[in-house]
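*Asks:* Take this sequence and fold it.
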Amino acid sequence: MPSGCRVCLVAVSIAVVVLGGCQWAGPLDQMRKDFVALRYIKTASQAISEPVDANAAIHDATRAVKLAPDNATVLDRAGRIYLYAGQYQQALAILQQARRHTDNPYLYEIGTCLLHTGQPGKGIEYLTRHLRNVELEYQAQAISPQEYALHLNNVGYTYAEADLQLPYALELTRRAVSYDPLDPAFTDSLGWVYYKLNDLKNASFYLERAVRQSLYQPNAELNYHLAMVYIRLGRRAEAARELRRALHIRPGYLAARRELRQLRWELPRPWYVQSVAQVL
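*Replies:* Presented below is the predicted three-dimensional model:
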C-alpha cells in the first residue's frame with residue numbers, strides 16, 4: 001500500500017474516533033455528573049440524620065442539584081433534605097422542579113412548604129388532598145396500617161409546627177398513636193400538639209413517654225420538646241437537663257442552645273453563691 005494512502009487512512013481513523021467521542025461525550029459526562037450528584041445526596045442524607053448537621057446537608061444537596069438538575073432521584077431527595085432542614089422556600093422550588101420529571105405530586109411536601117412560606121390556605125388544600133388520597137389507598141389496602149399512621153402523624157405534626165388546625169392535628173396524632181402506641185415519633189407528635197394547645201399535663205405525659213421510648217435510638221428533638229414543656233411548667237432544672245441531653249445528641253442544635261442560654265440566666269444561683277452574697 002502506498003505511503004500516501006496509509007496517511008489518509010490514519011487521518012480518517014482519527015476523525016472517526018474524535019467524532020465518535022464527541023457523540024458520546026455529552027451522555028457520558030452527564031452520567032458521571034449524575035453519579036457524583038447521587039454521592040452528594042448520600043452524604044447529605046447522612047448529615048440530616050442524628051447527629052444532624054443541617055448546614056452540611058444543605059451544602060451537599062445544593063451541589064447535587066447543580067450537577068444533575070434534571071435527575072428525578074436527585075431532585076426528589078434534595079427537596080426532602082431541604083424540607084427536613086427547614087429551608088422551605090428552597091425545598092418548594094426544588095420539589096416543583098422535581099414534579100416535571102416524575103408523576104409524584106408531592107402533595108404533603110409542597111403543602112408543608114406552603115404553610116411555612118406565607119401561603120397557609122394553599123398549604124391546607126394540598127395537605128387535605130394528600131390525606132384524602134392516603135385514605136383511599138388505605139381503604140383499598142394499598143398501604144399498611146403503619147404507613148397510614150405515618151401519614152396521619154406527619155400531617156398532624158406539620159399543622160402543630162405551623163400553629164394551624166390544632167384540634168384537627170390532635171385528632172390526627174391521636175389516631176396515629178392508636179395504630180402504634182410504641183412509636184416514639186408518634187407519641188412525641190401527640191405530646192407536641194398538646195403543648196401547642198397549652199394542655200401541659202397531657203403534653204408532659206406523652207413527651208416523657210416518647211423520650212423513654214427512644215432510649216435506644218435517641219432523638220434530640222424529643223428532648224427539646226420535653227424541655228419546652230418543663231419550661232412552661234416552671235421545672236427549669238429539668239428543662240436544662242433535657243436541653244443538655246438534646247445538645248449531647250445534636251451539638252449543633254441552635255434552638256436548644258438558645259433555650260439553655262436563656263435558662264442559665266433564669267435558674268437560681270447555686271446556694272454557695274447566694275450565701276456569699278448574703279454575707280457580703
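*Asks:* Check the offset of stretch 27-45 from the chain's centre.
*Replies:* 21 Å (CA atoms, centre = their mean, to the nearest Å).
*Asks:* what mean pLDDT does it have?
*Replies:* In this model, stretch 27-45 has an average pLDDT of 90.
*Asks:* And Ala64, which helix or strand is it part of?
*Replies:* For Ala64, the host element (DSSP states H and E) is helix 54-67.
*Asks:* Could I get the buried residue list for that helix?
*Replies:* Neighbour counts over helix 54-67 (16 or more other CB atoms under 10 Å) mark Ala54, Ala57, Ile58, Asp60, Ala61, Thr62, Arg63, Ala64, Val65, Leu67 as buried. Glycine gets a C-beta too; all of them are placed from N, C-alpha and C.
*Asks:* The second one and Ile48 touch, don't they?
*Replies:* By that I understand Ala57. Yes: with contact defined as CB atoms under 8 Å, Ala57 reaches Ile48; the gap is 4.2 Å.
*Asks:* okay, and the common contacts of the two?
*Replies:* Among the neighbours of Ala57, those also in contact with Ile48 (CB atoms under 8 Å, 6 or more residues apart in numbering) are Ile81, Tyr84, Ala85.
*Asks:* Now the terminal residues of stretch 108-123, how far apart.
*Replies:* This stretch, stretch 108-123, spans 9 Å end to end (CA to CA, to the nearest Å).
*Asks:* same question, stretch 215-225
*Replies:* End-to-end distance of stretch 215-225 (CA to CA): 15 Å.
*Asks:* This protein: helices as residue ranges?
*Replies:* Secondary structure of the chain (DSSP state H): helices located at 3-47, 54-67, 72-84, 88-98, 107-115, 120-139, 145-161, 166-179, 184-196, 200-213, 220-233, 236-249, 254-266, 271-279.
*Asks:* any idea which of these is most buried?
*Replies:* With neighbours taken as mean count of other CB atoms under 10 Å, the helices of the chain reach their highest mean count in helix 184-196, at a mean of 25.
*Asks:* Specify the angle between that helix and helix 220-233 in degrees.
*Replies:* 30 degrees (axes from the mean of the first three to the mean of the last three CA atoms, to 10 degrees).
*Asks:* Contacts for helix 184-196, please.
*Replies:* Outside helix 184-196, the residues that touch it by CB under 8 Å, 6+ apart are 149, 153, 156-157, 160, 163, 166, 169-170, 173-174, 176-177, 179-181, 200, 202-207, 209-211, 213-214, 217, 219, 221-222, 225-226, 228-229, 232.
*Asks:* How far does it sit from its chain's centre?
*Replies:* With CA atoms, centre = their mean, you get 17 Å for helix 184-196.
*Asks:* Stretch 149-165 too?
*Replies:* With CA atoms, centre = their mean as the basis, stretch 149-165 stands 13 Å off its chain's centre.
*Asks:* ok so, going back, between the helices of the chain, which gets the lowest average pLDDT?
*Replies:* Mean pLDDT values for those show the minimum at helix 271-279, a mean of 47.
*Asks:* residues contacting the most centrally placed residue in the chain?
*Replies:* Among the residues of the chain, the one closest to the centroid is Tyr84, at 1.8 Å (CA atoms, centre = their mean). Shown in contact with Tyr84 (CB under 8 Å, 6+ apart): Ile48, Ala57.
*Asks:* for Leu75, same thing?
*Replies:* Val65, Pro69, Ile94, Leu95, Gln97, Ala98, His101.
*Asks:* just Ser45 next, same as before
*Replies:* Neighbours of Ser45 in contact, by CB under 8 Å, 6+ apart: Ala57, Arg77, Ile81.
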